[in-house]
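In: Generate coordinates for the sequence data below:
(one chain, ligands or ions: 2)
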Amino acid sequence: MKNDKNTYKPDWQPENAGKEFAVRVVKGTDSVGSKYVAPAKKKQLSVDDYAEGVLNNDRTLLARTITLIESNSQAHHQLSQEVLKKVLPKTGNSIRIGITGVPGAGKSTFIETLGLYLIKHGHKVAVLAVDPSSTVTKGSILGDKTRMENLSKEPSAFIRPSPSSGTLGGVTRKSRETILVCEAAGYDVILIETVGVGQSEVTVRSMVDFFLLLQIAGAGDELQGIKKGVIEIADALLINKADGDNEKKAEMAKAEYSNALHYLQPATKGWTTQAYNCSALTGKGIPELWELVQSFAKATKDSGVFQERRKRQSIEWMFSLIEDGLKSNFYNHEKIKENLPNLKKEILGEKILPTKAAENLLELFFNKYTSL
Ligand SMILES: Nc1nc2c(ncn2[C@@H]2O[C@H](COP(=O)(O)OP(=O)(O)OP(=O)(O)O)[C@@H](O)[C@H]2O)c(=O)[nH]1
Ligand SMILES: [Mg+2]
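Out: Ligands and ions are numbered 1, 2, ... in the order given. Predicted coordinates:
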């Protein structure tokens with residue numbers, strides 16, 4: 001669409017949206033022929049409308065609240081903060097489970113099977129996704145594949161694909177707040193899928209109680225290709241696809257992982273991380289996994305580790321918000337936007353050292369305070 005004066009960028013545009021973000025909203029017209037036609041508008045809802053909607057588990061309003069949380073508009077942000085404040089007393093009553101694994105390990109299939117099992121046993125399940133790919137490619141790895149068709153038909157399930165914009169930091173805030181509103185709506189099991197790439201596992205670990213690493217049995221050398229760092233933060237290793245011809249291989253992989261785990265520090269104080277088998281396709285091992293999560297919750301609540309971790313996570317959350325705030329303030333500062341492209345060119349042309357360029361930019365930014 002032409003970028004003329006009759007159109008404008010929507011206020012929900014992604015952070016750092018560049019030229020490739022081509023969506024434009026056409027300004028409303030006052031008249032069609034001689035008749036006045038009011039532009040169609042969604043009813044403006046109040047903070048109470050949203051908060052009551054969430055607390056009554058009105059799925060439409062819950063989804064709209066999450067849209068507010070995910071929006072990059074300042075007005076939406078403020079509104080969402082007020083809603084959060086209202087529902088805060090009703091949050092926290094859930095077990096938050098993070099699930100990671102390489103693409104194709106079966107995370108979505110596992111979540112669907114576990115979700116359906118939990119619903120059959122009277123739970124309410126919310127499924128969220130944290131997708132790190134948006135940082136680099138502005139695309140989405142998990143994207144459409146997070147469909148989970150059977151689970152999504154269940155009235156006791158709520159599935160929200162990942163917010164596909166902005167930095168991982170931005171996604172973190174949004175995901176954490178989304179967890180809270182889902183809890184306020186009565187979801188007692190929160191499942192968060194993330195793909196095993198880069199920084200995302202650490203991010204998800206910092207918002208969950210239990211962290212699960214899904215693996216598949218490879219051909220031969222089982223320990224190759226898994227990042228030790230990810231194993232170190234997992235509370236359980238689940239070797240998926242233990243079915244059909246693959247069953248034996250999965251059994252062997254379990255033994256190898258069990259061995260390797262002996263040498264690692266536990267991810268959670270007082271809890272021993274072990275390897276298990278399952279088949280997300282047939283459901284084998286799913287009830288056992290849920291039992292494991294329950295015994296984890298009981299053990300860590302009894303020892304206080306559960307509550308301690310949540311407190312620590314709240315503090316970490318504050319720090320990550322501060323960092324996010326500083327970063328976005330910096331990159332949105334007029335002087336920085338003006339000077340950054342040139343400095344980048346100068347670095348590439350070896351005319352200036354990155355150190356000096358960073359120093360110049362920081363000086364420009366902080367001058368706004370010192371010159372006050
Ligand atoms: N045989 C078998 N196949 C499975 C099992 N779990 C998942 N699959 C298959 O593996 C493929 C990938 O499954 P997904 O659930 O999409 O995997 P994922 O980890 O969510 O993948 P990404 O979202 O792309 O990272 C699909 O074709 C599934 O049908 C299992 O337990 N056994
Ligand atoms: Mg998936």
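In: For the protein, which residue gets nearest to ligand 1?
Out: Nearest residue of the chain to ligand 1 (C-beta to the nearest ligand atom) works out as residue 106 at 3.0 Å. Any C-beta I mention is one placed from the backbone N, CA and C, and that applies to glycine too.
In: shouldn't that residue be in contact with residue 216?
Out: Yes - Residue 106 is within contact range of residue 216, at 7.1 Å (criterion: C-beta atoms under 8 Å).
In: neighbour-wise, which of the two wins?
Out: Between residue 106 and residue 216, counted using other C-beta atoms under 10 Å, the more crowded position is residue 106 (22 against 19).
In: ok so, going back, check the contact lists of residue 106 and residue 216 and give me the overlap.
Out: Taking C-beta atoms under 8 Å, 6 or more residues apart in numbering as the contact rule, residue 106 and residue 216 both touch 240-241.
In: Need phi/psi at residue 89.
Out: In terms of degrees, to the nearest 10, the main-chain angles of residue 89 are phi -60, psi -20.
In: name the element residue 312 belongs to?
Out: helix 305-332 (DSSP states H and E).
In: Tell me which residues of that helix come out buried.
Out: By 16 or more other C-beta atoms under 10 Å, the buried positions in helix 305-332 come out as 305-306, 309, 313, 317, 320, 324, 328.
In: Residue 211: which of those residues is nearest?
Out: residue 309 (10.7 Å; C-beta to C-beta).
In: Surely residue 208 touches residue 128?
Out: No - taking C-beta under 8 Å as the definition, residue 208 is not a contact partner of residue 128, at 10.4 Å.
In: higher neighbour count, the two?
Out: residue 128 (27 against 22).
In: Check which element follows the helix holding residue 312 along the chain.
Out: Next in sequence after helix 305-332, counting helices and strands by DSSP H and E, comes helix 334-348.
In: tell me what that next one is packed against?
Out: helix 305-332, helix 354-370 (3 or more C-beta pairs under 8 Å, 6 or more residues apart in numbering; DSSP states H and E).
In: Can you list the neighbours in contact with that helix?
Out: Applying C-beta under 8 Å, 6+ apart, the contact partners of helix 334-348 are 330-331, 352-354, 357, 360-361, 364-365, 367-368.
In: Now for those: which two are most distant?
Out: 353 and 368 (24.0 Å).
In: and stretch 266-278, which residues are buried?
Out: Neighbour counts over stretch 266-278 (16+ other C-beta under 10 Å) mark 267-268, 271, 273, 275-278 as buried.
In: What residues does residue 289 make contact with?
Out: Residue 289 neighbours (C-beta under 8 Å, 6+ apart): 114, 212, 236, 238, 276, 278.
In: go on, residue 205?
Out: 98, 211, 233.
In: what do you get for residue 190?
Out: 94-97, 125-126, 128, 179, 182-183, 208.
In: from the residues you listed, which has minimum pLDDT?
Out: Least confident of the contacts of residue 190 in the model: residue 128, at 92.
In: secondary structure element for it?
Out: Judged by DSSP H and E, residue 128 forms part of strand 125-130.
In: likewise residue 182?
Out: Judged by DSSP H and E, residue 182 forms part of helix 168-184.
In: quick check, the helix or strand just after that helix touching ligand 1?
Out: For helix 168-184, the following helix or strand on the C-terminal side (DSSP H and E) is strand 189-194. No - using C-beta under 6 Å from any ligand atom, strand 189-194 stays clear of ligand 1, coming no nearer than 6.6 Å.
In: Leaving out sequence neighbours, find the closest residue to the residue positioned nearest the centre of the chain.
Out: Taking C-alpha atoms, centre = their mean, the centroid of the chain lies closest to residue 130, which sits 2.8 Å from it. Ranked by C-beta to C-beta, 6 or more residues apart in numbering and with sequence neighbours excluded, the top spatial neighbour of residue 130 is residue 194, at 4.4 Å.
In: count of residues packed around that neighbour?
Out: Counted with other C-beta under 10 Å, the neighbours of residue 194 add up to 29.
In: Per-residue pLDDT of it, please?
Out: So residue 194 comes in at 87 (pLDDT).
In: just to revisit the earlier point, overlap in contacts, residue 208 and residue 128.
Out: 190, 192.
In: residues from the stretch 151-300 of the chain in reach of ligand 2?
Out: Contact residues (C-beta under 5 Å from the ion) of the stretch 151-300 of the chain with ligand 2: there are none.
In: And the strands in the stretch 151-300 of the chain?
Out: Secondary structure of the stretch 151-300 of the chain by DSSP state E, counting those that start in this stretch: the strands cover 157-160, 189-194, 210-216, 236-240, 274-277.
In: Only alpha carbons, please: show the second one as CSV.
Out: Same thing as strand 189-194. The C-alpha coordinates for strand 189-194 follow below in CSV (Å, rounded to 0.1, in the frame of the first residue of the first chain):
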residue,chain,number,x,y,z
VAL,A,189,-0.8,-25.8,34.3
ILE,A,190,1.2,-23.4,32.1
LEU,A,191,3.2,-25.1,29.4
ILE,A,192,5.8,-23.0,27.6
GLU,A,193,7.4,-24.3,24.4
THR,A,194,10.7,-22.9,23.2
